[in-house]
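Peer 1: Could you look at this predicted model? Sequence included:
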Amino acid sequence: MSSKTSSLMRWHHDERVDDGIMRHPADSVAWKTLDKLHPSFATEPCNIRLGLASDGFQPFKSTKTPHSIWPVVLIPYNVPPWLCMKQENFILSMLILCPESPGDAIDVYLQSLIEELKKLWETGVKTLMHHLDKFYVTCIFVMDH
């Protein structure tokens, strides 16, 4: 991770003001509940919290055979609020291509992604934090709203 990115990923810990006003995902009940349930995860500011989102669209409006594309993005919540929802920070993790909306079957499509994210939660990944000039085992958690 570059020095700029690694320092931004610690913003929620190093620079956020905790004044009881909801300005960032770190101010949410979900974030605070995760901190209470997993204190060892919470105490390491280099651990990454992500949101997962998907919304589909039909790329071809005038065809007789409908097609649907559902991008699945991961959103890093560690960064400052003015960067959280910027498109350039979204991580396109997969595209679901199907004739129509996946509906309840979206679980089947997401299964491999969820398995990978579970591994990153359980074992983490060795990451160099340039601004600290140290390696960390960074764990990843997908936040539930």
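Peer 2: Received, thanks. Note that the structure is a prediction, hence the values are computed from the model and not measured. Residues are numbered from 1 along each chain as shown.

Peer 1: R49 and W82, how far apart?
Peer 2: To W82, R49 is 17 Å away according to CB to CB, to the nearest Å. No exception for glycine: its C-beta is placed from N, CA and C like everyone else's.

Peer 1: So between the two, which is more surrounded?
Peer 2: The neighbour count for R49 versus W82, taken as other CB atoms under 10 Å, is higher for R49 (22 against 8).

Peer 1: Name the SS class of the more buried one, please.
Peer 2: At R49 the chain is in strand, as set by DSSP: H, G, I helix; E, B strand; the rest coil.

Peer 1: if I pick it, what's in contact with it?
Peer 2: Residues in contact with R49 (CB atoms under 8 Å, 6 or more residues apart in numbering) are 12, 25, 31, 34, 76-78, 140-143.

Peer 1: What score does the residue nearest the centre of the chain have for pLDDT?
Peer 2: Computing the C-alpha centroid of the chain and ranking residues by CA atoms, centre = their mean puts L50 first, at 2.1 Å. Note on L50: pLDDT of 94.

Peer 1: I'd say I91 and V72 touch.
Peer 2: No - counting by CB atoms under 8 Å, I91 stays clear of V72, with 9.5 Å between them.

Peer 1: Looking only at neighbour counts, state which of those two leads.
Peer 2: Taking other CB under 10 Å, I91 and V72 do not tie; V72 has more neighbours (19 against 11).

Peer 1: and that one, which of the three is it?
Peer 2: Strictly by three-state DSSP, V72 counts as strand.

Peer 1: Straight-line length of stretch 29-44, end to end?
Peer 2: End-to-end distance of stretch 29-44: 19 Å, with CA to CA, to the nearest Å as the criterion.
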